[in-house]
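Q: After the sequence you'll find the predicted model.
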Amino acid sequence: MAARVDHLVTSGTFSLDGGTWDVDNNVWIVGDDTEAVVIDAAHDADAILAALGGRALRAVICTHAHDDHIDAAPALAAATGAPVLLHPDDLPLWKLTHPNRLPDGELADNAVFTVAGTSLTVLHTPGHAPGAVCLYAPGLATVFTGDTLFQGGPGATGRSFSHFPTIIDSIRDRLLGLPPETVVRTGHGDPTAIGAEAPHLEEWIQRGH
């Protein structure tokens, strides 16, 4: 059976630099009827478990370590035995939320994970966070961008651990060269496509200055 993408929206809060905001997060489940990976275990481990429906969870992959993307990761891992994977550059952010529980493994740039016959390639895309990654699934014509690229532009870079010129470099060098029909599945909000966002790079650069 071919892999598919299941989508779940969970709600909670995001806290950093002394502020807290209500947020809705996209949780992406990639797999078939027998196995899957979860991209960003946000807020509600029980809801994610229900969406998995008894499938074997191979990994909990974190696009970055802001608390709204990882707060349910340890509970989901404990319930399933799946490893939590994070790029090591985001360990300082991770420890703000989970000081007593480290991730189980590291995401390396260009590493490839295979689930249900579909490959997911790790693209290190710092800027929103130092260890931010995107996951490119060419067989599904999609890229999971976390908070690096949204419909309408880059992710936020106004808080600690973020840097606007770096996120622009990441998007230009790692994402905008993907096929234009590639669907962009984001950490929050609606999907978009590489071809819809690529023409606006110069506008984003000007907006950031």
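A: Looks like it arrived, so ask away.
Q: The worst-scoring helix or strand of the chain on mean pLDDT: which residues count as buried?
A: Here the helix or strand of the chain ranked lowest by mean pLDDT, DSSP states H and E is helix 201-207, holding a mean of 89. By 16 or more other C-beta atoms under 10 Å, the buried positions in helix 201-207 come out as W204. C-beta here means a position set from N, CA and C on the backbone, and glycine is covered the same way.
Q: Helices along the chain, start to end?
A: 45-52, 67-70, 73-80, 91-97, 164-170, 194-197, 201-207 (DSSP state H).
Q: and the last one, what does it pack onto?
A: Using 3 or more C-beta pairs under 8 Å, 6 or more residues apart in numbering; DSSP states H and E as the contact criterion, the neighbours of helix 201-207 among helices and strands are strand 153-154, helix 164-170.
Q: Tell me which of those approaches D109 most closely.
A: helix 164-170 (11.0 Å; C-beta to C-beta).
Q: In terms of secondary structure, what does that closest one contact?
A: Against helix 164-170 (3+ C-beta pairs under 8 Å, 6+ apart) you get strand 153-154, helix 201-207.
Q: Can you tell me what sits against the least confident helix or strand of the chain?
A: 153-154, 168, 171-172, 176 (C-beta atoms under 8 Å, 6 or more residues apart in numbering).
Q: Buried ones among these?
A: For the contacts of helix 201-207, buried by 16+ other C-beta under 10 Å: 153-154, 168, 171, 176.
Q: now these as JSON lines including pLDDT and distance to G189?
A: JSON lines is the format used below for these (pLDDT from 0 to 100; distance: C-beta to C-beta, whole Å):
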{"residue": "G153", "pLDDT": "96", "distance to G189": "11"}
{"residue": "P154", "pLDDT": "98", "distance to G189": "13"}
{"residue": "I168", "pLDDT": "97", "distance to G189": "20"}
{"residue": "I171", "pLDDT": "98", "distance to G189": "16"}
{"residue": "L176", "pLDDT": "97", "distance to G189": "19"}
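Q: if we can go back for a sec, nearest to A72, of the helices and strands packed on helix 164-170?
A: Using C-beta to C-beta, the helices and strands packed on helix 164-170 put strand 153-154 closest to A72, at 25.5 Å.
Q: What does G189 show for phi and psi?
A: Phi and psi for G189, reported as degrees, to the nearest 10, are phi 80, psi -160.
Q: okay, now it: neighbour count?
A: Residues lying near G189 (other C-beta atoms under 10 Å) number 13.
Q: Equivalent analysis for the one 10 residues further on, please.
A: A count of neighbours around P199, defined by other C-beta under 10 Å, yields 10.
Q: Also A78?
A: Neighbours around A78, by other C-beta under 10 Å: 12.
Q: so which of the helices of the chain is the most packed in?
A: Among the helices of the chain, ranked by average contacts under mean count of other C-beta atoms under 10 Å, first place goes to helix 67-70 (a mean of 26).
Q: Show me what it is packed against.
A: strand 4-16, strand 19-31, helix 91-97.
Q: can I get those in JSON lines with mean pLDDT?
A: JSON lines is the format used below for these (pLDDT from 0 to 100):
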{"stretch": "strand 4-16", "mean pLDDT": "98"}
{"stretch": "strand 19-31", "mean pLDDT": "98"}
{"stretch": "helix 91-97", "mean pLDDT": "98"}
